[in-house]
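> What follows is a protein structure lacking sequence information:
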């Protein structure tokens, strides 16, 4: 007998996801022998959806994101983005935001945002107009001429988000983008990201190890196990949008966070 | 205020130089007054022969630096990028760097004579290791996450070289270039003083040997100004290229 999901799919083919990953496996060699980092990972992210991948340290969630960005190759499996395989970085389809903002310290905020367009040799006027618009979007319109060392951690990460969006890719990948920020800034940045997401309707994949952040941001949370990384739960977050700080105190929020926690908590030693 | 203070210091120095021989606290034969030296310098600068010497020295330095910079940078890049190569060559380079280059000067004369190219070769030899070491340090200062980020936005190898490596390396490279010019100037002048028929070093040496102290001081003054001007020019470029480092 076929599982129910299979039957459903046959009945009405779901619209293809913006991101479709299937059969993804990754192993790397160490002195102690090969280590299985990812095991049979499959996921689908629908267009315009906000998906958060959460898991314990070292579960391979960042590696998975780097593979989605085309920055790292998997041992086996397929990654489709907008219907075509991802084998190398493709800024037309995917924008990336890293844990450290990774801004170039010799460029102003504006030139950092415009950097991807510079690589494409876009005309200067267009580059600047586009970068300026993105800085406005992330609320840094008046910081265009500042250098990274003149920006706070939160501001740097906003510039980094603006840079990820500047080529208007359908997909934005974020690798623990707020992990290095203090708690208050982190909360504010989460809210800010949701606002930007609502304004741009990008398909977002966001990696974090913070359960609260995951539930607060996501349409769907993918929970990964410790190494070898597998997706052990796909949890829809039915909380209404726009999300608010107050929701974190609700019983529903607590229940969702607890469901993740029960699955990833390390066994007591 | 700061500028005024510094100008006052300079003026004080010149005034002291002027006064010491005039009031008899220094022997005017050994330390001619500042104004006398300035006048001598004016006379010397009007002579085509001296300008030719200055031109020779400058050209030797420029050619030496023009050879040592690309050569040293390339070797430094190779060591900075290739860990296996670096492990073999690093100690050697470090040892060679610590040896005073002047002790090799007689060898250069024995093999190359005392002409223009011998000065250039000694200049290259004296600066190569500084350029090499600073280029290697500059490559190692390029942050891998900057390269990774550029790749994520689709940068080609050439774009990574031009837009990430070059701006990252520029501050350390320029610092090395500046030191190379200073060391190169010293080397070329030393080679000229030791054995030569032309050049400012040769003139300085012969003025000293012939007890022509007005000219000797004029020459010292002239070369000091040239050296400071070159150093400041490169420092100016450095400041423009590394304003973001702080």
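Here it is on my side, so go on. These numbers come from a predicted model, not from an experiment.
> Quick one: name the residues of chain B near chain A.
Applying C-beta under 8 Å from any C-beta of the partner chain, we find that chain B lies next to chain A at B:145-146, B:148-156, B:159, B:163-164, B:167-168, B:243-246. No exception for glycine: its C-beta is placed from N, CA and C like everyone else's.
> Show me just the buried residues among the residues you listed.
B:146, B:148-155, B:159, B:163-164, B:167-168, B:244 (16 or more other C-beta atoms under 10 Å in any protein chain shown).
> Can you name the residues that contact residue 180?
You didn't say which chain, so I picked chain A. Residue A:180 is in contact with A:99, A:100, A:153, counting by C-beta atoms under 8 Å, 6 or more residues apart in numbering or on different chains.
> wrong one, chain B
B:65, B:68, B:69, B:72, B:127, B:130, B:131.
> Make sure the fifth one is indeed in a strand.
Looking back up the chat, that one is residue B:127. No - going by DSSP: H, G, I helix; E, B strand; the rest coil, the assignment for residue B:127 is helix, not a strand.
> separation between it and chain A?
27 Å (C-beta to the nearest C-beta, to the nearest Å).
> Next up, the contacts around residue B:81.
Residues in contact with residue B:81 (C-beta under 8 Å, 6+ apart) are residue B:139.
> Next secondary structure element downstream of the strand or helix carrying residue B:138?
Using DSSP states H and E, residue B:138 sits in helix B:116-140. The helix or strand immediately downstream of helix B:116-140 is helix B:144-152, counting by DSSP H and E.
> That following helix: how far from the chain's middle?
35 Å (C-alpha atoms, centre = their mean, to the nearest Å).
> So which residues make contact with that helix?
With C-beta under 8 Å, 6+ apart, helix B:144-152 has contacts from A:69, A:71, A:89, A:91, A:96, A:98, A:100, A:102, A:104, A:115, A:119, B:159-160, B:163-165, B:168.
> can you give me the helices for chain B?
Ranges of helices within chain B are B:2-23, B:34-45, B:48-81, B:83-98, B:105-112, B:116-140, B:144-152, B:157-160, B:166-194, B:200-209, B:213-241, based on DSSP state H.
> a markdown table for these, including mean pLDDT?
Formatted as a markdown table, those follow (pLDDT from 0 to 100):
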| stretch | mean pLDDT |
| --- | --- |
| helix B:2-23 | 93 |
| helix B:34-45 | 94 |
| helix B:48-81 | 94 |
| helix B:83-98 | 87 |
| helix B:105-112 | 95 |
| helix B:116-140 | 94 |
| helix B:144-152 | 93 |
| helix B:157-160 | 94 |
| helix B:166-194 | 94 |
| helix B:200-209 | 95 |
| helix B:213-241 | 93 |
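> Those helices: which one's closest to residue A:143?
helix B:144-152 (19.5 Å; C-beta to C-beta).
> what's the helix or strand hosting residue A:254 packed up against?
Using DSSP H and E, residue A:254 falls within helix A:251-264. If you count contacts as 3 or more C-beta pairs under 8 Å, 6 or more residues apart in numbering or on different chains; DSSP states H and E, helix A:251-264 packs onto helix A:211-217, strand A:220-224, strand A:231-236.
> count of neighbours near residue 176?
You didn't pick a chain, so chain A it is. Number of residues near residue A:176 (other C-beta atoms under 10 Å in any protein chain shown) recorded here: 19.
> that's the wrong chain, I wanted chain B
Neighbours of residue B:176 (other C-beta under 10 Å): 25.
> What residues does the closest residue to it other than its chain neighbours make contact with?
Nearest-residue entry for residue B:176: residue B:134, 2.5 Å, with adjacent residues in sequence omitted and distances by C-beta to C-beta, 6 or more residues apart in numbering or on different chains. If you count contacts by C-beta under 8 Å, 6+ apart, residue B:134 has them with B:76, B:172, B:173, B:175, B:176, B:177, B:179.
> circling back: for the helices and strands packed on helix A:251-264, could you give me a markdown table that also reports mean neighbour count, mean pLDDT and distance to residue A:166?
As requested, the helices and strands packed on helix A:251-264 are exported to a markdown table (neighbours: other C-beta atoms under 10 Å in any protein chain shown; pLDDT from 0 to 100; distance: least, C-beta to C-beta, whole Å):
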| stretch | mean neighbour count | mean pLDDT | distance to residue A:166 |
| --- | --- | --- | --- |
| helix A:211-217 | 22 | 93 | 22 |
| strand A:220-224 | 23 | 94 | 27 |
| strand A:231-236 | 15 | 92 | 31 |
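> any chance of the ones you listed in JSON lines, with distance to chain B too?
As requested, these are arranged in JSON lines below (distance: least, C-beta to the nearest C-beta, whole Å):
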{"stretch": "helix A:211-217", "distance to chain B": "22"}
{"stretch": "strand A:220-224", "distance to chain B": "22"}
{"stretch": "strand A:231-236", "distance to chain B": "24"}
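> nearest to residue A:256, of those?
Shortest distance between residue A:256 and those, using C-beta to C-beta, is found for helix A:211-217: 4.8 Å.
> contacting residues around the closest one?
Here helix A:211-217 makes contact (C-beta under 8 Å, 6+ apart) with A:50, A:52, A:54, A:178, A:186, A:190, A:193-194, A:206, A:208, A:221, A:237, A:239, A:243, A:247-248, A:253, A:256-257, A:260-261.
> contacting residues for residue 194?
Just going to use chain A. Applying C-beta under 8 Å, 6+ apart to residue A:194 gives the contacts A:50, A:217, A:241, A:242, A:243.
> ah, no, chain B please
Neighbour list for residue B:194: B:105, B:109, B:205 [criterion: C-beta under 8 Å, 6+ apart].
> Can you name the residues that contact the second one?
By that I understand residue B:109. Contacts of residue B:109 by C-beta under 8 Å, 6+ apart are B:118, B:194, B:195.
> and residue A:58, helix, strand or coil?
Residue A:58 - assigned by three-state DSSP - is coil.
> OK, contacts around residue 59?
In the absence of a named chain, this looks at chain A. Counted by C-beta under 8 Å, 6+ apart, residue A:59 has contacts A:224, A:225, A:226, A:227, A:229.
> my bad, chain B
Contacts of residue B:59 (C-beta under 8 Å, 6+ apart): residue B:116.
> Tell me how far residue B:92 lies from residue B:129.
Using C-beta to C-beta, to the nearest Å, residue B:92 is found at 10 Å from residue B:129.
> Compare neighbour counts for the two and give me the winner.
Neighbours were tallied for residue B:92 and for residue B:129 using other C-beta under 10 Å; the higher tally belongs to residue B:129 (23 against 9).
> Which one (most neighbours) among the contacts of residue A:59?
residue A:229 (26 neighbours).
> who does that one bridge with?
In this structure, residue A:229 bridges to residue A:38 when assessed by DSSP bridges.
> Please name the residues that touch it.
Contacts for residue A:229 (C-beta under 8 Å, 6+ apart) come out as A:37, A:38, A:39, A:41, A:55, A:59, A:60, A:61, A:63, A:64.
> What is the neighbour count of residue 199?
In the absence of a named chain, this looks at chain A. By the criterion of other C-beta under 10 Å, residue A:199 has 10 neighbours.
> nope, chain B
When neighbours are counted by other C-beta under 10 Å, residue B:199 registers 26.
> So it versus residue A:259, what's the distance?
Counting by C-beta to C-beta, the gap from residue B:199 to residue A:259 is 83 Å.
> What of residue A:41?
Residue A:41 sits 20 Å away from residue A:259, going by C-beta to C-beta.
> between those two, who's got more neighbours?
Set side by side, residue A:41 and residue A:259 show more neighbours around residue A:41, with 26 against 15, by other C-beta under 10 Å.
> which SSE is the more buried one in?
Assigned by DSSP H and E, residue A:41 falls in strand A:33-45.
> which parts of that strand are buried?
Applying 16+ other C-beta under 10 Å to strand A:33-45 flags A:37, A:38, A:39, A:41, A:43, A:44, A:45 as buried.
> In chain A, what residue spans correspond to strands?
All strands of chain A, identified by DSSP state E, fall at A:19-30, A:33-45, A:50-54, A:76-81, A:84-85, A:94-97, A:171-175, A:203-208, A:220-224, A:231-236.
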